[in-house]
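K.L.:
generate coordinates for the sequence data below:
(2 chains)
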Amino acid sequence: MADKTSSNAYWAANIRIITICMVIWFVASFGLGILLRPMLSGIAVGGTDLGFWFAQQGSILVFLGLIFFYAWKMNKVDAEHGVEE
Amino acid sequence: MDQYTLNLIFVGGSFALYIGIAIWARAGTTAEFYAAGQGVHPVLNGMATAADWMSAASFISMAGLIAAVGYGNSTFLMGWTGGYVLLALLLAPYLRKFGKFTVPQFIGDRFYSQKARMVAVISLIIISVTYVIGQMTGAGVAFSRFLEVESDTGLYIASAIVFIYAVLGGMKGITYTQVAQYCVLIIAYTIPAIFISLQLTGNPIPGLGLFSTHIESGLPLLTKLDQVVTELGFAQYTTLNTSMFNMFLFTLSLMIGTAGLPHVIIRFFTVPKVSDARWSAGWALVFISLLYLSAPAVGAMARLNVISTIYPQGTQAEAVLYEERPQWMRNWEVTGLLKFEDKNGDGRIQFYNDKNEGFAATAAERGWTGSEFTYNNDILVLANPEIAQLPGWVIALIAAGGLAAALSTAAGLLLAISSAISHDLIKSYLNPNISEKGELLAARISMAGAIVVATWLGLNPPGFAAQTVALAFGLAAATIFPSLMMGIFSKRINAMGATLGMLAGLVITCGYLFTYLGMFFIPGTNLLENTASNFLFGIPPASFGPIGALANFAVAYAVSMMTSPPPQDVQDLVESIRVPKGAGAATGH
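P.N.:
Numbering: from 1, shown residues only, chains lettered A, B, ... in the order given. Below is the predicted model of the structure:
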């Protein structure tokens, strides 16, 4: 295990990245797909509106982007803090 | 070659493949039996996870569920994929670093408590057993429909196949058969979806076709669908017909539940490194998305096709004559999944929403005396190749795909159950001195026992089988997910807090479900009628998971704060699972 200070900094960096990702996760699905749909009803997408697209396609694509971003970013953070495998 | 022979060749061929893999991937050690020896490539693990996750419900039922309601059932799409973000960010990498074999083992070690471990074992077994019933009946039904055998005979065949590769290969055998099963099921799902999208919109990618122009009418596909369903008195497809609160809560419930399902979590124990666990969750979602991005298109397009089959000249014109109905309707009529009843005796099939009072006047004007056509939602996927007039081998592929989806999920669940019994119950509790060879034998016997129980439950499905899915997701959300998350993200949660937290989640969730759905789901024993006006704060039983999770978090935190913090070695354990460095091969002890 890495020493205490560097592992604290590492964990804080991880929590920060997770928080950002979770906010995007929430906005893409619960936000744009459900709660904000009435506000966005003016933006037409193929016979319906943006909220419908996010609920049936967009949210899944955002989830995919988030997981790959997190894996890529954490590999870099691991190396920066010297805790990679 | 007739359809039956084609089905037999495709299903038989896929089974031969699974057995071949089972013989090649025999497990020689407990590490191989429980975690495939931690040697699975992250992309392959992603495929296996996708097959593990996508059950008969995803493959056969989901598109039909979306088609029936439209926008409101987007909950399944977001819920069953969004859970992977939680898994990838909050659980998978740390549990892989921990490097043991089962979910209860992590809970037992992290909360230094056999009691916590046993509560986790009980939750895991309730979740997985209720989940496996649906897979076994699904496999039986798929057999009987495509291979014209009795449903029970089909179930015995399915059990025998799973028995061979699960008992022989454990996680190792299951992983590689799941990879093959994924390939079978995704090809089976995608080919008809591409053709149907091409026919209706000219776009070969179903997810894009859904938002393209409907060739025949020149309108956007979803506008056309909204138009025809409302002309028949149904609710608009693209609008929300339930409450936003219900949609929000049900989606959240499915997401947290997904992240807490033990048979999915243990798949991430099989990859070599922590970074592989992160990538692997991404690959799993890639392979899941290939089906989930097509499913809403399949649903919407199939619903439009069903309506235009019945009203070939448009919904304002006369319905089709019963004698002139297409061949696929004749085929599926035999199975009872499609039904006609000529209520007004005009020889035509009128299909509309006869529950809509606002539409009654229009119906009466057109001489209709009730909707004459009903169909099971599953038909939209099962009959898809026939509706799109695709060749016989595509239909045979759907048969093999449906069976692959049911069998792969059943095997994953059975492994979660048997490893909890042999590793958490026998090895850790009943007989700690058992040898490696003895434990491997115990694992195989547990697997065989679990298959026998699952088969019996499949043959005698409890009448409440459909409702137990709510129980599986609710409990996974209320017990497993919060405990794992607190175990990783807090060093302060102690044995007492975690145990009581899980018990609180378990009791409150079961209690809420039993209040509305009956004690142990026995009809007639519910305390309150299962209607929205009775629900606490309007929360439907199927959406209760997040509340159970909240109870677990709150109790665990409060109790831990009132009692002493965990010992130093446990706090060190938490420190060590938080950093990837030093993740070696998993150990059994």
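
K.L.:
how about the residues of the stretch 451-589 of chain B that lie near chain A?
P.N.:
Applying CB under 8 Å from any CB of the partner chain, we find that the stretch 451-589 of chain B lies next to chain A at B:Asp572, B:Glu575, B:Ser576, B:Arg578, B:Val579, B:Pro580, B:Lys581, B:Gly582, B:Ala583. Every residue, glycine included, has its C-beta placed from N, CA and C.

K.L.:
can you flag which of the residues you listed belong to helices?
P.N.:
B:Asp572, B:Glu575, B:Ser576, B:Arg578 (DSSP state H).

K.L.:
hmm, the third one is touching B:Lys491, no?
P.N.:
So the one you mean is B:Ser576. No - checked against CB atoms under 8 Å, the pair B:Ser576 and B:Lys491 is beyond contact range at 11.6 Å.

K.L.:
just the buried ones from the residues of the stretch 451-589 of chain B next to chain A?
P.N.:
Among those, those classed as buried by 16 or more other CB atoms under 10 Å in any protein chain shown are B:Glu575, B:Ser576, B:Arg578, B:Val579, B:Pro580, B:Lys581, B:Ala583.

K.L.:
quick check: pLDDT value at residue 50.
P.N.:
You didn't pick a chain, so chain A it is. For A:Leu50, the pLDDT comes out at 96.

K.L.:
not quite, go with chain B.
P.N.:
Model confidence at B:Ala50, expressed as pLDDT, equals 97.

K.L.:
isn't it up against B:Ala281?
P.N.:
No - taking contacts as CB under 8 Å, B:Ala50 lies outside contact range of B:Ala281: 11.0 Å.

K.L.:
just the strands in chain B please.
P.N.:
B:338-340, B:373-375 (DSSP state E).

K.L.:
would TSV of those strands with mean pLDDT be doable?
P.N.:
Listed next are those as TSV, based on pLDDT from 0 to 100:
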stretch	mean pLDDT
strand B:338-340	90
strand B:373-375	92
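
K.L.:
Serialize those strands to CSV and add fields for distance to B:Pro192.
P.N.:
Below are those laid out as CSV (distance: least, CB to CB, whole Å):
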stretch, distance to B:Pro192
strand B:338-340, 18
strand B:373-375, 17
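
K.L.:
now for those, which one comes closest to chain A?
P.N.:
Of all the strands of chain B, it is strand B:373-375 that lies closest to chain A, at 22.1 Å by CB to the nearest CB.

K.L.:
may I see the buried residues of that closest one?
P.N.:
Quick answer for strand B:373-375 (16+ other CB under 10 Å): B:Phe373, B:Tyr375.

K.L.:
for residue 48, what are its contacts?
P.N.:
No chain was given, so I picked chain A. Under the criterion of CB atoms under 8 Å, 6 or more residues apart in numbering or on different chains, the neighbours of A:Thr48 are B:Phe211, B:Pro220, B:Leu222, B:Thr223, B:Thr238.

K.L.:
wrong chain, I was asking about chain B
P.N.:
B:Ala48 is in contact with B:Val40, B:Ile174, B:Thr175, B:Tyr176, B:Gln178, B:Val179, B:Tyr182, B:Arg267, B:Thr270, counting by CB under 8 Å, 6+ apart.

K.L.:
the fourth one and chain A, how far apart?
P.N.:
Pointing back at B:Tyr176 there. B:Tyr176 sits 24 Å away from chain A, taking CB to the nearest CB, to the nearest Å as the criterion.

K.L.:
I'd like the contacts of A:Thr48 laid out as CSV, including pLDDT, neighbour count and distance to B:Pro546.
P.N.:
As requested, the contacts of A:Thr48 are arranged in CSV below (pLDDT from 0 to 100; neighbours: other CB atoms under 10 Å in any protein chain shown; distance: CB to CB, whole Å):
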residue, pLDDT, neighbour count, distance to B:Pro546
B:Phe211, 97, 20, 31
B:Pro220, 97, 20, 35
B:Leu222, 97, 27, 30
B:Thr223, 96, 16, 35
B:Thr238, 96, 19, 27
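
K.L.:
ok, and which of the residues you listed reach chain A?
P.N.:
On the criterion CB under 8 Å from any CB, B:Phe211, B:Pro220, B:Leu222, B:Thr223, B:Thr238 are the entries of those that sit beside chain A.

K.L.:
just checking, the third one touches B:Ala300?
P.N.:
The one in question is B:Leu222. Yes - counting by CB under 8 Å, B:Leu222 touches B:Ala300, with 6.9 Å between them.

K.L.:
who touches both of those two?
P.N.:
The contact lists of B:Leu222 and B:Ala300 share B:Leu210, B:Tyr237, where a contact means CB under 8 Å, 6+ apart.

K.L.:
pull the longest helix from chain B.
P.N.:
Per DSSP H, chain B has its longest helix at helix B:151-201.

K.L.:
that one: how far from the chain's middle?
P.N.:
14 Å (CA atoms, centre = their mean, to the nearest Å).

K.L.:
can I get the strands of chain B in TSV with distance to chain A?
P.N.:
Shown next, in TSV, are the strands of chain B (distance: least, CB to the nearest CB, whole Å):
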stretch	distance to chain A
strand B:338-340	26
strand B:373-375	22
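
K.L.:
those strands: which one's closest to A:Gln57?
P.N.:
A:Gln57 sits nearest to strand B:373-375 of all the strands of chain B, at 25.9 Å, using CB to CB.

K.L.:
rewinding a little: neighbour-wise, which of B:Ala50 and B:Ala281 wins?
P.N.:
Of the pair B:Ala50 and B:Ala281, B:Ala281 is the one with more neighbours under other CB atoms under 10 Å in any protein chain shown, namely 31 against 28.

K.L.:
got the domain boundaries for chain B?
P.N.:
The record's domain parsing of chain B by automatic domain parsing lists B:3-301+B:389-464, B:306-374.

K.L.:
packed most tightly, which of the ones you listed would that be?
P.N.:
Comparing the domains of chain B by mean neighbour count (mean count of other CB atoms under 10 Å in any protein chain shown), domain B:3-301+B:389-464 comes out on top with a mean of 22.
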